[in-house]
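A.B. asks: Quick one, what's the 3D model for this:
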Amino acid sequence: MQCPGQDSRFWKPGAIFEASCPQCGAEVEFFKDDTARNCPSCGHRFVNPEMDFGCASYCQFAEQCLGSLPPEVAAKQRELLKEKVAMAMRRTFGEDHRRIRHATRVAEYAERIGKEENADMAVVIISAYLHDIGIPEAERKYNSASPKYQHQEGPPMARRILEALGTEPELVDRVCDIVGRHHHPGSEESAEFKAVYDADRIVNLQEEQEESGDPDSERLKGHLEKSCLTASGVRLGREILGAADSAVKA
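C.D. replies: Residues are numbered from 1 along each chain as shown. Predicted coordinates for the structure are as follows:
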């Protein structure tokens with residue numbers, strides 16, 4: 001069934017209008033359901049200035065409905081996807097607040113590192129939220145949360161979550177690759193893998209510091225500098241562990 005907003009039988013006066021090209025000022029005719037048009041004068045392609053993309057920002061069928069999505073709508077879809085993944089992670093961990101806090105911190109730090117490393121932020125943040133998502137199933141099946149079982153159970157769980165949210169297949173595959181080996185970096189890794197790996201290392205050391213009450217941040221920073229894959233991770237880790245050290249001393 002066609003969306004009523006796109007069915008010309010329901011259109012009212014003003015459904016066909018003209019808009020000025022932002023590049024050259026020429027008038028360009030738009031139908032209300034056009035997502036974008038090329039200016040016949042200069043060739044510049046621009047978004048329909050009167051179109052409401054509200055539903056397109058969250059609907060998994062938006063591209064099939066509207067065709068190629070404007071960049072700002074595609075970006076909004078990815079922002080909403082990150083929020084939905086965060087909620088799915090919380091539902092999966094349930095009352096396990098420690099692991100929810102861990103994943104949330106890893107996502108926060110991975111975002112900071114990923115921006116400095118020019119990484120694909122959707123891959124970074126979604127992978128960070130889901131990096132430990134296999135733990136509940138690993139504990140149920142094997143009574144263990146060891147990396148071996150996390151890597152085995154994590155990708156199928158991540159894939160189910162992402163496919164249920166209508167995520168594009170290429171993004172699903174990239175996230176599952178990181179989730180399935182996030183403890184074991186290879187010799188050549190993507191900026192996205194490095195951001196998640198370093199963020200996880202920082203949070204693990206931060207939790208160690210908080211749980212032990214050990215103010216020896218220099219020892220922990222030493223571990224960090226040996227294991228981090230990026231200079232951005234080392235800098236952030238020193239900042240985080242130094243701040244935690246100050247809090248312990250206070």
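A.B. asks: Return the helix or strand in this structure with minimum mean pLDDT.
C.D. replies: helix 62-66 (a mean of 52; mean pLDDT, DSSP states H and E).
A.B. asks: roughly how far is stretch 183-200 from the heart of the chain?
C.D. replies: 15 Å (C-alpha atoms, centre = their mean, to the nearest Å).
A.B. asks: Check stretch 103-123 too.
C.D. replies: 8 Å.
A.B. asks: which parts of it are buried?
C.D. replies: Residues 103-107, 109-114, 117, 119-123 are the ones in stretch 103-123 that count as buried (16 or more other C-beta atoms under 10 Å). C-beta here means a position set from N, CA and C on the backbone, and glycine is covered the same way.
A.B. asks: Out of those residues, which sit inside helices?
C.D. replies: 103-107, 109-114, 121-123 (DSSP state H).
A.B. asks: want to try a markdown table for those, with distance to residue 150 and pLDDT as columns?
C.D. replies: Shown next, in a markdown table, are these (distance: C-beta to C-beta, whole Å; pLDDT from 0 to 100):
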| residue | distance to residue 150 | pLDDT |
| --- | --- | --- |
| 103 | 12 | 97 |
| 104 | 18 | 95 |
| 105 | 17 | 97 |
| 106 | 13 | 97 |
| 107 | 17 | 96 |
| 109 | 19 | 97 |
| 110 | 17 | 97 |
| 111 | 22 | 96 |
| 112 | 24 | 97 |
| 113 | 21 | 97 |
| 114 | 21 | 97 |
| 121 | 23 | 93 |
| 122 | 22 | 92 |
| 123 | 19 | 94 |
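A.B. asks: Nearest to residue 80, out of those residues: which one, please.
C.D. replies: Nearest to residue 80, judged by C-beta to C-beta, of these is residue 122 at 10.9 Å.
A.B. asks: is it true that that closest one touches residue 171?
C.D. replies: Yes. Contact status for residue 122 versus residue 171: in contact at 6.4 Å, counting by C-beta atoms under 8 Å.
A.B. asks: Domain parsing of this protein, as residue ranges.
C.D. replies: 13-51, 76-249 (automatic domain parsing).
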